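Student: Pasting a predicted model and its sequence here:
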Amino acid sequence: MNKKSDIEIIARGVCVRNGRFLLCHTKGARNTYLPGGHVECGESAKESLAREIREELGRNAKVGRFLGAVEHNYRRGRQCCYEINLVFELRISGIHSCRNPVSHEDYIEFWWVPLAKLSQSKLEPAVLRRVLPAWLGNRKQERWASTY
């Protein structure tokens, strides 16, 4: 079987404050995702993540340790999509978990989700709902996950 698909490299950040995860949502969509975006040519994944946070939230970010990677395939209409998500710890200046940060992009919004409700958050790739707590807490945890 010869399926051809573009491969996207995505840098994602896990920002946790007071037991809450910061998630992003495209207005009109059903799912949420970690803040971040596409790695552009000439940028490292960490540089891309910091740039995306500046663009989306107008804030400076400190990108921390690498937590893990998730390969993810999904369909957008009839098109098969494939992405590699590189996930890092993330600290964003000037945001607080007591209120949702305001997006600088009109098509997305951000909100905080308590760790206890992460499994119900519709976070995609869905495998992140299970592995994120382990990645954050256990440095020996497997650092690769897949939706296959």
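Tutor: Cool, the structure landed.
Student: Run through the neighbouring helices and strands of the lengthiest helix in the chain.
Tutor: As assigned by DSSP state H, the longest helix anywhere in the chain is helix 45-57. In this structure, helix 45-57 makes packing contacts with strand 7-14, strand 36-38, strand 61-76, strand 79-92, strand 108-114, judged by 3 or more Cβ pairs under 8 Å, 6 or more residues apart in numbering; DSSP states H and E. All C-beta atoms are positioned from the backbone trio N, CA, C, and that covers glycine.
Student: To R51, which of the ones you listed lies closest?
Tutor: With Cβ to Cβ as the measure, strand 36-38 is the member of the helices and strands packed on helix 45-57 nearest R51 (8.1 Å).
Student: Pull up the pairing partners for that closest one, direction included.
Tutor: When pairs are called by DSSP bridges, strand 36-38 turns out to pair with strand 7-14 (antiparallel).
Student: If you count neighbours, what's buried in the strand it pairs with?
Tutor: In terms of neighbour count (16 or more other Cβ atoms under 10 Å), strand 7-14 has its buried residues at I10, A11, R12, G13, V14.
Student: and the third one, what pLDDT?
Tutor: Just to be clear, that refers to R12. With respect to pLDDT, R12 has a value of 98.
Student: need the contact list for it.
Tutor: Neighbouring residues of R12 by Cβ atoms under 8 Å, 6 or more residues apart in numbering: Y33, L34, P35, G36, L49, N85, L86, V87, F88.
Student: in the protein, what spans have low per-residue confidence?
Tutor: Counting by pLDDT under 70, the chain has low-confidence residues at 1-5, 139-142, 144-148.
Student: returning to that earlier point: with respect to Q120, which of the helices and strands packed on helix 45-57 lies nearest?
Tutor: Proximity to Q120 (Cβ to Cβ) singles out strand 108-114 among the helices and strands packed on helix 45-57, at 8.5 Å.
Student: From L132, how far out is the closest residue to Y74 other than its chain neighbours?
Tutor: Spatially, and ignoring its direct neighbours in sequence, Y74 is nearest to C81 (5.3 Å; Cβ to Cβ, 6 or more residues apart in numbering). Counting by Cβ to Cβ, to the nearest Å, the separation of C81 from L132 is 22 Å.
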